[in-house]
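generate a structure from the sequence data that follows.
(chains A and B)
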There are 2 protein chains.
Amino acid sequence: MKVFHYTEVENEPAEQGAVDTYVRWLITEETGAPNFSMRLFELKPNGYSPHHEHPWEHEVFVLEGEAHVVGGGEEKKIGPGDVIFIPANEKHQFKNIGNKPLKFICLVPIRP
Amino acid sequence: MKVFHYTEVENEPAEQGAVDTYVRWLITEETGAPNFSMRLFELKPNGYSPHHEHPWEHEVFVLEGEAHVVGGGEEKKIGPGDVIFIPANEKHQFKNIGNKPLKFICLVPIRP
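You can find the predicted model right below:
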């Protein structure tokens, strides 16, 4: 097994189109995972991810902060303990609406 | 998308061999997930999961509590923010060693 604290993993700026958004790739193929990857996202106050879509799903669990999530034309407020499932090809976005960092776990398949 | 709080999902007694251990199946095939399921486990103080193995991996993120995790012959102390990867076919166990509930997210492939 592998055991480590999430803060031991580098916090990298997220993809193009994201603002004040960082990502730690916690569990990946390099860790030995065959099927899906675990990432931890951190968005500063007013940070947001791009409003985009792609042919793979997201499974999300919110750890800290207050946000709006956009998906399938809806916009919902989310906070700690909320679970979000975004199916493949659904346009979505995360926006930090609080004054503290927003942190959530987001899992994706390794081979969509 | 689907959005809900984890406490909206039924907290069921976990599989045989687990003691004082409950599980909420947060995201499953029924939710629309094609590849992997998200569960939230809750172990009461002194609760533990069976010391077992199976042909699929676990990806774990600890939310609350103090525990020991056993895997590959090692035993390590874990707490909030710790990440655990347990590969397929590795014997493992989670044991709550604190005086509060242990809560962690554990993801598994839908078709191992």
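
so the residue nearest to A:P13 when sequence neighbours are not counted: helix, strand or coil?
Spatial nearest neighbour of A:P13, chain neighbours left out: A:Y22 (6.0 Å); criterion: CB to CB, 6 or more residues apart in numbering or on different chains. Placement of C-beta: from N, CA and C, glycine included. Under DSSP: H, G, I helix; E, B strand; the rest coil, the three-state class of A:Y22 is strand.

ok, A:Y22 to chain B distance?
Per CB to the nearest CB, to the nearest Å, A:Y22 is found 16 Å from chain B.

can you read off the pLDDT for that residue?
The model reports A:Y22 with a pLDDT of 98.

please name the bridge partners of it.
In this structure, A:Y22 bridges to A:P13, A:E42 when assessed by DSSP bridges.

burial check on it, number of neighbours?
18 (other CB atoms under 10 Å in any protein chain shown).

also A:N99?
The number of residues packed around A:N99, counting by other CB under 10 Å, is 9.

so who does the closest residue to A:A14 other than its chain neighbours touch?
Using CB to CB, 6+ apart and skipping residues adjacent in sequence, the residue nearest A:A14 is A:T21, 4.1 Å away. A:T21 makes contact with A:P13, A:A14, A:F41, A:E42, A:L43, A:K44, A:G47, A:Y48, A:S49, according to CB atoms under 8 Å, 6 or more residues apart in numbering or on different chains.

now with 7 Å?
Contacts for A:T21 (CB atoms under 7 Å, 6 or more residues apart in numbering or on different chains) come out as A:A14, A:F41, A:L43, A:G47, A:S49.

also A:A33?
A:I27, A:I110, B:E57, B:E59, B:F85.

over to it. Which of the three states is it?
Under the three-state scheme (three-state DSSP), A:A33 adopts coil.
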